[in-house]
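**Student:** A structural model of the following input is requested.
(4 chains)
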Number of protein chains: 2
Amino acid sequence: MNIHLSLLPMRTRDTNKENSIRKQAIEMVVKEGLDGFSMQKLAKAAGVSPATLYIYYKDREDLINQIATEISLRLMESSLQGIHPKMSFADGMEIQWKNRLKFYLENMDEMEFIEQIRYSPLYETIRQVIRQKFGDVLGSFVMNAINRGEMMPLPFEVYWAIAFAPLYQLIKFHSQGRSHANDEFTINDEMVNMTLKLVLKALKP
Amino acid sequence: MNIHLSLLPMRTRDTNKENSIRKQAIEMVVKEGLDGFSMQKLAKAAGVSPATLYIYYKDREDLINQIATEISLRLMESSLQGIHPKMSFADGMEIQWKNRLKFYLENMDEMEFIEQIRYSPLYETIRQVIRQKFGDVLGSFVMNAINRGEMMPLPFEVYWAIAFAPLYQLIKFHSQGRSHANDEFTINDEMVNMTLKLVLKALKP
DNA sequence: TTTAAAAGTGAATGAATATTCATTTATCTT
DNA sequence: AAGATAAATGAATATTCATTCACTTTTAAA
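**Tutor:** Take a look at the predicted model:
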């Protein structure tokens, strides 16, 4: 982005505005839900004319989509950091758990934004982008583990359901606990390690 | 509902209308997301005047809340059907898995409706109603299993994350697969049994 | 310093929004 | 049959919505 191949002069984009729009959009969706979000409110919150939003984004749907896609891709890249094909299954799993957890905790607003979109019809496009970009890597990680006898041979969906759904559930408990006084659950490393150990026990042949 | 203590005559409520409103609301939210839902569109789809909606429901938020709460309570009641305190942990788990799966498959639209709400700020109230009504039962089910040495002693959240998140993930894969040609995942009993077995293996001491 | 081009704007548009209100309609008891 | 009451309505309200447009501002190369 922001690279212009043309030799013609032009006004440069204000990255402060770009960031402010992004940040306020995320905050608004998290606080008021997808249906509490509007372009006019966003423009006001970001200190920008409504018309400016349409310079950055084609329309409302495109705005939500671009922001959500960018976050999702960052999450996936983060979660695969430090993964090598030769690595043992248990090590690979532990790294992915740590990576995902770290990303979540460091980007809670972004992740709650994604949660709002994830179950709405808007998310379908993003799901496809992710699958196209990371499907192979994740698939071969599982296949290797099975071939090496480190993991039970399982359909991919069963594997994923056991391997990651519990982590996401813990994170969900954590972020629900954030906003509520009588719900004191807070995630911690010990708990995560405990859960990961159980998950690995389940998947071992 | 529909019980009048007054002795005075009055016009009776049309239950067809009531059901039609409910059904169309669910369908609309599932198809177009929470922010694609509006009172006027609902009124038209249900063949009813907009004003009629305000006889049944205080306002838009109340409408969503009432429908979502009613569905959630039905799910919880279903999932505890046939559960007895003397039952072994494994049996109790299997029954709950079967009950939840059955309810989901028989009420897919309702459940996808709930998914839309679940991550929005609207869901907080419902979460509390559920906890208040079923928290004790679920809590003592876990405590019994631990005391009898049938299950590892775990924080409730860790237990839940391992015990049910994988099931929900499978169901999510299934309902995503429904609408997409190149995504052929379909849930079946064999797969569910396989996953449950792994989960029980993880939780066994 | 001129200038082309994109960035950025405020005000306006028309459609859609939630909700209300003055009426009419259906129902049950008497 | 009469009448009281709540159900049900269509039209109207004021607001908010996404989006557009004619216009001004900023930029950087020439």
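**Student:** counting contacts, what elements does the helix or strand bottoming out on mean pLDDT in chain A pack onto?
**Tutor:** Using mean pLDDT, DSSP states H and E, the weakest-scoring helix or strand in chain A turns out to be helix A:165-178, at a mean of 89. Using 3 or more Cβ pairs under 8 Å, 6 or more residues apart in numbering or on different chains; DSSP states H and E as the contact definition, the elements that helix A:165-178 packs against are helix A:89-106, helix A:108-118, helix A:189-203, helix B:156-163, helix B:165-178. For the C-beta atoms, the positions are set from N, CA and C on the backbone; glycine is no exception.
**Student:** Give me the angle between it and helix B:156-163.
**Tutor:** Compare the direction of helix A:165-178 with that of helix B:156-163 by axes from the mean of the first three to the mean of the last three Cα atoms, to 10 degrees and you get 150 degrees.
**Student:** Give me every residue in chain A lying close to DNA strand D.
**Tutor:** Proximity of chain A to DNA strand D (Cβ under 7 Å from any atom of the strand) is limited to residues A:7, A:9-12, A:37-41, A:43, A:50-51, A:53-54, A:59-61.
**Student:** circling back: make CSV from the helices and strands packed on helix A:165-178 and add distance to residue B:32 and mean neighbour count to it.
**Tutor:** Conversion of these to CSV gives the following (distance: least, Cβ to Cβ, whole Å; neighbours: other Cβ atoms under 10 Å in any protein chain shown):
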stretch, distance to residue B:32, mean neighbour count
helix A:89-106, 29, 18
helix A:108-118, 14, 20
helix A:189-203, 36, 18
helix B:156-163, 31, 21
helix B:165-178, 16, 20
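**Student:** Which one of the ones you listed lies nearest to residue B:130?
**Tutor:** helix B:156-163 (12.7 Å; Cβ to Cβ).
**Student:** which residues are contacting that closest one?
**Tutor:** Among residues not part of helix B:156-163, those counted as contacts by Cβ atoms under 8 Å, 6 or more residues apart in numbering or on different chains are A:165-167, A:169-170, A:173, A:185, A:191, A:194-195, A:198-199, A:202, B:93, B:139, B:142, B:151, B:154, B:199, B:202-203.
**Student:** any weak-confidence spans in chain A?
**Tutor:** Residues of chain A that meet the criterion pLDDT under 70 lie in A:1-9, A:178-183.
**Student:** Show me the domain layout of it.
**Tutor:** Here the domain assignment for chain A is A:12-56, A:68-203, based on automatic domain parsing.
**Student:** Rebuild those as a markdown table, extending it with distance to residue B:21.
**Tutor:** Conversion of the domains of chain A to a markdown table gives the following (distance: least, Cβ to Cβ, whole Å):
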| stretch | distance to residue B:21 |
| --- | --- |
| domain A:12-56 | 19 |
| domain A:68-203 | 22 |
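**Student:** Could you export those as CSV, including distance to DNA strand C?
**Tutor:** As requested, those are arranged in CSV below (distance: least, Cβ to the nearest atom of the strand, whole Å):
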stretch, distance to DNA strand C
domain A:12-56, 3
domain A:68-203, 15
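**Student:** For residue B:77, which of those is the nearest?
**Tutor:** Go through the domains of chain A one by one with Cβ to Cβ and the one that ends up closest to residue B:77 is domain A:68-203, at 22.1 Å.
**Student:** still on that earlier bit, kindly export the least confident helix or strand of chain A (C-alpha atoms) in CSV.
**Tutor:** The C-alpha coordinates for helix A:165-178 follow below in CSV (Å, rounded to 0.1, in the frame of the first residue of the first chain):
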residue,chain,number,x,y,z
ALA,A,165,-11.2,-25.2,20.5
PRO,A,166,-10.3,-25.6,24.2
LEU,A,167,-7.8,-22.8,24.0
TYR,A,168,-10.3,-20.5,22.3
GLN,A,169,-12.8,-21.3,24.9
LEU,A,170,-10.4,-20.4,27.7
ILE,A,171,-9.7,-17.1,26.0
LYS,A,172,-13.4,-16.5,25.6
PHE,A,173,-13.9,-17.0,29.4
HIS,A,174,-11.1,-14.6,30.0
SER,A,175,-12.4,-11.8,27.9
GLN,A,176,-15.9,-12.3,29.2
GLY,A,177,-14.5,-12.0,32.7
ARG,A,178,-12.9,-8.7,31.9
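**Student:** which of the residues in the longest helix seen in chain A are buried?
**Tutor:** With secondary structure taken from DSSP state H, chain A has its longest helix at helix A:124-147. Neighbour counts over helix A:124-147 (16 or more other Cβ atoms under 10 Å in any protein chain shown) mark A:126, A:130, A:134, A:138, A:141, A:142, A:144, A:145 as buried.
**Student:** could I get these as JSON lines with distance to residue A:177?
**Tutor:** Compiled in JSON lines, these are given as follows (distance: Cβ to Cβ, whole Å):
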{"residue": "A:126", "distance to residue A:177": "27"}
{"residue": "A:130", "distance to residue A:177": "28"}
{"residue": "A:134", "distance to residue A:177": "30"}
{"residue": "A:138", "distance to residue A:177": "29"}
{"residue": "A:141", "distance to residue A:177": "31"}
{"residue": "A:142", "distance to residue A:177": "32"}
{"residue": "A:144", "distance to residue A:177": "36"}
{"residue": "A:145", "distance to residue A:177": "33"}
